[in-house]
Each structure stands twice: as C-alpha cells, then as structure tokens.
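K.L.:
model the structure of this input:
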Amino acid sequence: MWFVALLGPTLAFDVSTRNITAIALVAVALAFDLAGLLAFRASRTTINPLSPERASKLVTAGVYRVTRNPMYVGMCFLLLAWAVYLSAVLPLLGPVVFILYITRFQVLPEERVLRQLFGEQYIQYTARVRRWL
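P.N.:
All right, here's what the predicted structure looks like:
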C-alpha cells in the first residue's frame with residue numbers, strides 16, 4: 001500500500017484530519033479485534049483461524065451478533081486506517097483486495113468446516129448475521 005501510494009493521486013486531507021481519522025479507524029479496528037478475541041476466550045474455543053475444525057462452540061454473542069468475522073473486519077479497518085494515513089487514492093484498494101482474498105482463501109473454507117461441525121445451528125446463524133458488516 002505504501003508503494004502504490006507513490007504511484008497515484010493523493011487525497012486532500014490536512015495533516016490533523018488525516019491523523020485523527022486514521023487513529024479513529026485504528027481504534028475501531030482494535031475494538032473489533034479485541035471483542036472477537038474476548039468472545040472466543042469466554043466461550044473457551046479455539047482462536048486459531050488455521051484450525052477451524054478445533055472449534056468446540058459456535059460463538060454468536062457479543063460482536064458476533066454484528067458480524068461473523070469481527071477479527072477480519074478489524075484487520076480491514078487497520079488497512080483502511082493505513083490508506084487514510086497515506087493520503088492517497090490507490091491504497092484504498094488494499095482493504096478491498098484484503099476482503100476478496102481473505103473471503104476466498106480463509107472465510108469460505110472456515111464456513112464449510114463450521115457448517116459441518118454445527119449444522120443447522122450454523123445455517124440459522126448465517127441467516128441472521130452478515131459475513132462482514
């Protein structure tokens with residue numbers, strides 16, 4: 001994102017607006033990430049996204065009532081904060097690329113495993129709560 005910021009047009013942010021906006025986005029990102037982690041810890045289930053088959057419980061409380069992937073949402077907000085901080089147009093593609101990539105290679109495989117583990121309970125959950133926001 002830093003490199004592509006050098007290649008394209010800039011955004012018209014004054015330094016204080018840029019910094020305040022970036023800090024606010026980082027705060028939102030950390031809130032989503034922390035809320036997701038704490039919900040997993042409270043449910044005593046794995047937080048390892050590489051081993052969704054080790055999930056012992058379907059977490060649907062707290063931030064998981066808003067999004068099925070709060071930690072990925074948090075990562076996306078971090079990338080958005082970085083793009084704002086860079087004050088350029090092209091880095092705004094970073095969060096979009098992240099969402100496309102993480103959905104294809106992490107979220108969809110996780111969802112298949114969770115559907116196998118939790119069946120109808122997971123299907124009902126996906127009908128109530130969006131994948132992203």
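K.L.:
okay, CA-based contacts and neighbour counts for the rest of this
P.N.:
Will do.
K.L.:
tell me the mean pLDDT for stretch 94-101?
P.N.:
Averaging pLDDT along stretch 94-101 gives 97.
K.L.:
starting at the chain centroid, how far to that stretch?
P.N.:
Put simply, stretch 94-101 sits 10 Å off its chain's centre (CA atoms, centre = their mean, to the nearest Å).
K.L.:
and stretch 20-35, by the same measure?
P.N.:
On CA atoms, centre = their mean, the centre of stretch 20-35 falls 11 Å from that of its chain.
K.L.:
cool, and stretch 54-71?
P.N.:
Distance, centroid of stretch 54-71 to centroid of chain: 12 Å (CA atoms, centre = their mean).
K.L.:
in that stretch, which residues are buried?
P.N.:
55, 58, 59, 60, 63, 64, 66, 67, 68, 69, 70, 71 (16 or more other CA atoms under 10 Å).
K.L.:
CSV for these, including pLDDT, secondary structure and distance to residue 84?
P.N.:
Shown next, in CSV, are these (pLDDT from 0 to 100; DSSP: H, G, I helix; E, B strand; the rest coil; distance: CA to CA, whole Å):
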residue, pLDDT, secondary structure, distance to residue 84
55, 93, coil, 35
58, 96, coil, 35
59, 96, coil, 32
60, 96, coil, 32
63, 97, helix, 25
64, 97, helix, 27
66, 97, coil, 24
67, 98, coil, 23
68, 97, coil, 25
69, 97, coil, 23
70, 98, helix, 21
71, 97, helix, 20
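K.L.:
which of these sit farthest apart?
P.N.:
55 and 66 (19.9 Å; CA to CA).
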